[in-house]
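> Got a sequence here, can you build the structure:
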Amino acid sequence: MFRRLTFSFLLALLLVAVASVAFAEEGAAAAAGGSNVKTFIALAAGFGIAIASFGGALGQGKAIAAGLEGIARNPSAQNKIFIPMIVGLALIESLVIYALVIAFVLVGKL
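Numbers count the residues shown, from 1 in each chain. Modelled structure (predicted):
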């Protein structure tokens with residue numbers, strides 16, 4: 001299942017990369033002064049947010065699943081599991097917010 005998902009993601013990424021090159025106009029690059037740095041900064045910001053949100057969502061999903069499974073197995077340990085799980089979720093979310101801030105800084109350089 002994971003290999004199929006990874007393969008599908010990489011195939012979609014390849015198609016997006018090839019399509020952007022295939023449909024690029026030569027006149028647009030000349031009119032923009034030939035500056036590809038701004039294009040790469042915008043792409044880096046977009047992909048950075050996408051990857052960070054995808055990774056954060058996976059991490060939060062696994063953390064919640066493990067926490068709820070632990071609580072289901074031992075309901076008396078709910079207080080010992082719930083609080084650290086919430087702190088872990090907050091730390092995972094803070095990493096995604098850091099990626100958002102970095103993306104804003106990159107876009108601000110445009």
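
> Tell me the buried residues in whatever helix or strand Leu91 lives in?
According to DSSP states H and E, Leu91 maps onto helix 78-108. Within helix 78-108, the residues that count as buried by 16 or more other C-beta atoms under 10 Å are Ile81, Met85, Gly88, Leu89, Ile92, Val96, Ala99, Ala103, Leu106. For the C-beta atoms, the positions are set from N, CA and C on the backbone; glycine is no exception.

> Same check on stretch 46-56?
Neighbour counts over stretch 46-56 (16+ other C-beta under 10 Å) mark Ile49, Ala52, Gly56 as buried.

> Would you tell me which one of those comes nearest to Ala63?
Of all the buried residues of stretch 46-56, Ala63 sits closest to Gly56, with 10.4 Å by C-beta to C-beta.

> check contacts around that closest one.
Ile92, Glu93, Leu95, Val96 (C-beta atoms under 8 Å, 6 or more residues apart in numbering).

> go again using 6 Å as the cut-off
The contact partners of Gly56, by C-beta atoms under 6 Å, 6 or more residues apart in numbering, come to Ile92, Val96.

> Just want the angle from the helix or strand where Glu69 lies to helix 78-108.
Per DSSP H and E: Glu69 is located in helix 37-73. Orientation check (axes from the mean of the first three to the mean of the last three C-alpha atoms, to 10 degrees): helix 37-73 against helix 78-108 gives 170 degrees.
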